[in-house]
Every structure is written in C-alpha cells, then in structure tokens.
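1. Coordinates only, no sequence provided:
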C-alpha cells in the first residue's frame, strides 16, 4: 500500500497515531502502578505507542507489579502487524524485570464488542467470571478516532442501546461514559 493511500485511509478512519513524546507524557499521568496485578485497556491501539509507553513506565516503577495484562483493540489489519511486534517487545521488557505479561489483540470494533459484553453481562449477571474478566481493567489509555457518527449508523444505534447519545467516536469511546455502565477501571488517560 502506498504512503498516499495509507494517509487517505487514516483520515477516513479518524486515525491519528500518537507521537512517542505524547505517549510518554500520558503514561506518566498514571498512578497505582504498584498493584499486584494490572490490566490495561487500549481501545484503539494503532501500532501500540500508548500501551508501550505504559508498559515501559510499569517496568521502570520501583515497586512494580507481578502481572500485567493488556487488551488492545485495533480494526486496521495494516496496523495490527505492527501492534503484534510492539506487544512482543513489551513482553520481552516485562520478562527482563520479572513481570508476567499477557496480551490479547481484539481485531473487532471496541464499541461493538463492549456493547455486546455489557448486554451479556446485564442478561447473565450470575454468569461466571469470564465476562467480568473481559470487562474489568485497572487502567485504560487511548487516543480514540476523531470522526463524526452518522445519525443512522450501526455505531450510533449501539451506543443508544446502552443509553449513550453522542455525535462522534471520540466521546463514544470516552471510557468515563463506559465506566458508568459497568466497564470497570481505576485509572483512565485519554488524549
């Protein structure tokens, strides 16, 4: 794919990748890096700049966690190749300092998947912890897409189904809104 085509696609998908300096600044805003287990959500991971900065910060923390789990959402197959590489480097860094590291790349839309998980959770509140495991995070970091949502789009309907009314993806992926609807996390940093 040519660079020109790639840039056009980025704009149409609302993708603006986070520069390293901003990712490091954002990762520096987190607290509670000494929890025994940390689970990080990146709802629009791109190539993994934000989550890599977070992992580096956790590994540098004087009293670091024993376990770090990352769930990264990314729908662009082109970026997912690079995201895998980033997460493999994160895994090596964690191993170097004695942190158990697990990751999952979800190549599906964050909003669609989260609405599905929330609906399953509401319908099956007595369900085993598999659903809880999928929706509980101690930390979240993201740079959501900057796109308007068509009033009659599938995304708009999904958000309405859980009581969120918004006209753009940026606020649709604002995890402070999701937190009020059962997506648990303790610290969120949003570009």
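-> Yes, it's here. Values in this document were obtained by computation on a predicted structure and should not be read as measured data. Numbering: from 1, shown residues only.
2. Where does pLDDT dip in the protein?
-> Across the chain, the ranges flagged by pLDDT under 70 are 1-16, 119-135, 144-151, 155-156, 158-191.
3. what about 90?
-> 1-23, 25-32, 34, 43-44, 62-64, 109-137, 140-191 (pLDDT under 90).
4. need the strands for it, in chain order.
-> 37-42, 67-73, 100-106, 139-142, 187-190 (DSSP state E).
5. Buried deepest among these, which one?
-> strand 139-142 (a mean of 26; mean count of other Cβ atoms under 10 Å). The C-beta positions use only the backbone N, C-alpha and C, and glycine is treated the same way.
6. partner strands of that strand, parallel or antiparallel?
-> strand 37-42 (parallel), strand 187-190 (parallel) (DSSP bridges).
7. Serialize the strands of the chain to a markdown table and add fields for distance to residue 113.
-> Below are the strands of the chain laid out as a markdown table (distance: least, Cβ to Cβ, whole Å):
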| stretch | distance to residue 113 |
| --- | --- |
| strand 37-42 | 11 |
| strand 67-73 | 7 |
| strand 100-106 | 6 |
| strand 139-142 | 14 |
| strand 187-190 | 18 |
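8. Where is the longest helix in this protein?
-> Counting residues, the longest helix found in the chain (DSSP state H) is helix 77-97.
9. I would like the residues contacting it, please.
-> 1, 6, 15, 45-49, 51-52, 55-56, 58-59, 64, 68, 70, 72, 74, 100-101, 103, 105, 107 (Cβ atoms under 8 Å, 6 or more residues apart in numbering).
10. Spatially nearest residue to residue 28, not counting backbone neighbours?
-> residue 57 (6.6 Å; Cβ to Cβ, 6 or more residues apart in numbering).
11. The one you found contacts residue 26, doesn't it?
-> No: here residue 57 lies out of contact with residue 26, judged by Cβ atoms under 8 Å, at a distance of 9.5 Å.
12. Please identify which of the two sits among more neighbours.
-> residue 26 (21 against 18; other Cβ atoms under 10 Å).
13. Next one: that one from residue 86, what distance?
-> In this view, residue 26 and residue 86 are 16 Å apart by Cβ to Cβ, to the nearest Å.
14. cool, residue 137 as well?
-> 19 Å.
15. Give me the more crowded residue out of these two.
-> Taking other Cβ under 10 Å, residue 137 and residue 86 do not tie; residue 137 has more neighbours (24 against 20).
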